[in-house]
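In: Okay, here's the prediction I keep looking at, along with the sequence it came from:
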Amino acid sequence: MDRIHEMKTPEEVINLMMSKDAFSNWMNIEVNTIEKGSCSLSCMIKEDMLNGFSIAHGGISYSLADSTLAFAANSHGYQSFSIETSISHLVKVKIGDRLTSASREIHRGKKTGLYHIEIFNQNNELVALMKGTVYISKIVW
């Protein structure tokens with residue numbers, strides 16, 4: 001098989017995705033680990049991520065979890081898109097907190113995948129939990 005038609009590695013897929021992902025780059029997301037079906041990301045909470053209560057806007061932890069879901073699902077080399085997500089916010093997130101997400105692939109079929117994403121703060125407290133379902137296309141990265 002020539003190089004043009006070879007399946008990309010999880011690292012190559014993430015690099016392609018991050019190169020076009022303005023929002024994840026605005027969040028200064030760091031990739032800790034990536035392998036097929038699994039991903040871990042981190043980011044620091046900055047002042048411009050706070051809401052009117054001076055805590056992190058819920059969209060920040062949601063966005064970190066969403067990026068973790070996307071990277072984990074796409075790491076198999078096929079373009080995958082979220083079709084349903086839900087998140088529970090468990091602990092307040094403050095400026096200066098460092099959030100780390102970790103995904104777990106629960107199920108991966110021919111057309112859909114199910115993932116759980118946990119987000120912890122620097123004190124190893126579980127601050128959010130997301131469940132995400134993705135559609136797996138036949139489009140190769």
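Out: Alright, I've got the coordinates.
In: for the chain, longest strand please?
Out: Longest strand in the chain, counting residues (DSSP state E): strand 126-140.
In: report the angle between the axes of the lengthiest helix in the chain and strand 126-140?
Out: Across the chain, the helix with the greatest residue count (assigned by DSSP state H) is helix 58-74. Here the directions of helix 58-74 and strand 126-140 differ by 40 degrees (axes from the mean of the first three to the mean of the last three Cα atoms, to 10 degrees).
In: Which strands or helices does helix 58-74 pack on?
Out: Under the contact criterion of 3 or more Cβ pairs under 8 Å, 6 or more residues apart in numbering; DSSP states H and E, helix 58-74 touches helix 10-19, helix 22-26, strand 30-35, strand 38-44, strand 78-89, strand 98-108, strand 112-120, strand 126-140. Just so you know, the C-beta spots here come from the backbone N, C-alpha and C atoms, and that holds for glycine as well.
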